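J.: next come a sequence and a model predicted from it.
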Amino acid sequence: MSIVPGPAPTVSLSATTPRAPTAARAPTSEDAPLALSGGPAASLTLTIEGFEEGSDEAAVLGWILARAFPKASELKGGREIVLAAVQNDWWRLEFAPKELKGDREIVLAAVQQYGDALRFASEELKADRSFMLAAVQIDGCVLRFASKELQADCEIVLAAVQNEGGALQYAPGELKADREIALAAVQNEGGALRFASKELQADCEIVLAAVQKYGDALEFVSEELKADREIVLAAVQKSGYALVFASEELKADRSFMLAAVQIDGYALWFASKELQADHEIVMAAVQNYVDALQYASKELKADREFMMAAVQNNGYALLYASKELKADREIVLAAVQKHGYALRFASKELKADREIVLAAVQNYGYALQHASEELKADRGVVLAAVQKHGDALRYASEELKADPFVKALARRDVKFTCEYLKNLGRLRPTVASEFEALADKIVEIAKYFPELEQEAQDASAQVHNPRNDNGTYSCAHKRDRNEFETEFNCE
């Protein structure tokens, strides 16, 4: 090893020979001769022979710190080398010389990146009060590495839980029962309630603070408070799933469950069997969250009057209707008029009903995908579909895909979208990446329009590789972005 010292260096690595250390063969001094040359503060270079170019720099430098500099603190600039190493990658602290694992600045630099780096610090540092106070303010969970004495220090534990509520688990029992500390913990992270003492899990103020932060913290609440309407409703405000932890009495309480499903329809899942068959409660749940209908009773899903009201609220509700009601012409028509996609859930016979399919594609052109083969060859139906969404042409019969008038309607929509995408990539490059899927889809659609293929490819390229040009927005930019996202979100 040749060493030419220099002042306060930084570190860079270069490698030239094709031999690399592997897990099967650890490097030796013969494998990796080392040259250290110094100069100005920013130019110290480590040249390592024996590692192939592209070797993981962290592994290389870790090996150097562990073997080449066993007493780095005695080397001029050695401390700066280690500091530079851990500032670049926290886990290099593991390879630092023992005396530098007790260096406050070096260890804090590693902890700034990742709290777990503190495991490699010296025991003296872990027992240093001022150091640990600074460390837990960076990452509260490093409290687990503190000495037993400091884990019982009120100020340090309070600072830790204010940074990371879950750090409460590393506090001793007496501090888990400390009201101020527990309240600070749950205000930071509601789930920290699990680590509080049993007495505090029955404390209304602490429990309410916890469930307002994290609804599912209701799991760790005392049995008495799981029957408290205010606390459980506060939990449901954050998560409908929290109701799974509520008392059975509340789940069977009609007025409570009506309030719960109005907050989150998903809560219907946990209602009593009787309330899952209650018209008012289920409808309130469906109006909040249509998929809550899956938790309704079988009888309600077969109730014609109820299901008619449900599909008029949201056509997608047809998915959960009984088999008989999916074949009910009036109900299916109401569903597809609300959302054409509901045609997917209709009976086979009604997918061949021209009036129903026409209503569906007029609402949502892509519903053509679920029409019968006969209606995919119906010129009037296909024209209605492509007029709504040009991309629906893909679902038409082969004959109609070649129909000049049908193609003209579809082409207009495709051409318009190409113009939109080109302008988007040129004038709004920061959001262009959000439209890459749409751009790819337009290229696929353009195969039906040879004269648009190049334009579609240009539009796609502009979105995938946006650039800033001077210019003004074309009329295409006046079209609402959400409209494009909705229209081309094909099922």
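T.: Alright, I've got the coordinates. Residues are numbered from 1 along each chain as shown.

J.: so Arg129 versus Glu230, what's the distance?
T.: 41 Å (Cβ to Cβ, to the nearest Å). Yep, even glycine has a C-beta here, placed from its N, CA and C like the rest.

J.: of those two, who's got more company?
T.: Arg129 (14 against 11; other Cβ atoms under 10 Å).

J.: wait, the more buried one touches Ile156, no?
T.: Yes - using Cβ atoms under 8 Å, Arg129 makes contact with Ile156 at a distance of 7.2 Å.

J.: tally of neighbours for Ala461?
T.: By other Cβ under 10 Å, 15 other residues sit near Ala461.

J.: can you pull the pLDDT of the residue lying closest to Leu100 once chain neighbours are set aside?
T.: Nearest non-adjacent residue to Leu100, counting by Cβ to Cβ, 6 or more residues apart in numbering: Val82, 5.1 Å away. Predicted confidence (pLDDT) for Val82: 84.

J.: so Val82 versus Ile156, what's the distance?
T.: Here Val82 is placed at a distance of 27 Å from Ile156 (Cβ to Cβ).

J.: between the two, who's got more neighbours?
T.: Higher neighbour count among Val82 and Ile156: Val82, with 27 against 24, using other Cβ under 10 Å.

J.: residues in contact with Gly140?
T.: Contacts of Gly140 were listed using Cβ atoms under 8 Å, 6 or more residues apart in numbering, and they are Ala159, Ala160, Val161, Gln162, Asn163, Glu164, Gly165, Gly166, Ala167.

J.: just send those back as TSV, with distance to Arg179 too.
T.: Listed next are the contacts of Gly140 as TSV, based on distance: Cβ to Cβ, whole Å:
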residue	distance to Arg179
Ala159	17
Ala160	16
Val161	12
Gln162	15
Asn163	19
Glu164	19
Gly165	15
Gly166	18
Ala167	17
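
J.: domain-wise, how is this structure divided?
T.: Domain ranges of the chain: 1-121, 127-246, 404-487, per automatic domain parsing.

J.: what residues are shared contacts of Arg129 and Ile156?
T.: Joint contacts of Arg129 and Ile156 (Cβ under 8 Å, 6+ apart) are Leu150.

J.: so Lys301 touches Leu319, yeah?
T.: No - using Cβ under 8 Å, Lys301 makes no contact with Leu319, being 10.2 Å away.

J.: residue ranges of the helices in the stretch 201-350 of the chain, please?
T.: For the stretch 201-350 of the chain, helices defined by DSSP state H, counting those that start in this stretch occupy the ranges 204-213, 229-238, 248-251, 254-263, 279-288, 298-301, 304-313, 329-338.

J.: give me the buried positions along the third one.
T.: So the one you mean is helix 248-251. Leu250, Lys251 (16 or more other Cβ atoms under 10 Å).

J.: run through who's touching that helix.
T.: By Cβ under 8 Å, 6+ apart, helix 248-251 touches Lys226, Ala227, Arg229, Val232, Leu243, Phe256, Met257, Phe270, Ala271, Ser272, Leu275.

J.: reformat those as TSV; add pLDDT.
T.: Shown next, in TSV, are the contacts of helix 248-251 (pLDDT from 0 to 100):
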residue	pLDDT
Lys226	97
Ala227	97
Arg229	96
Val232	97
Leu243	96
Phe256	97
Met257	97
Phe270	96
Ala271	96
Ser272	96
Leu275	97
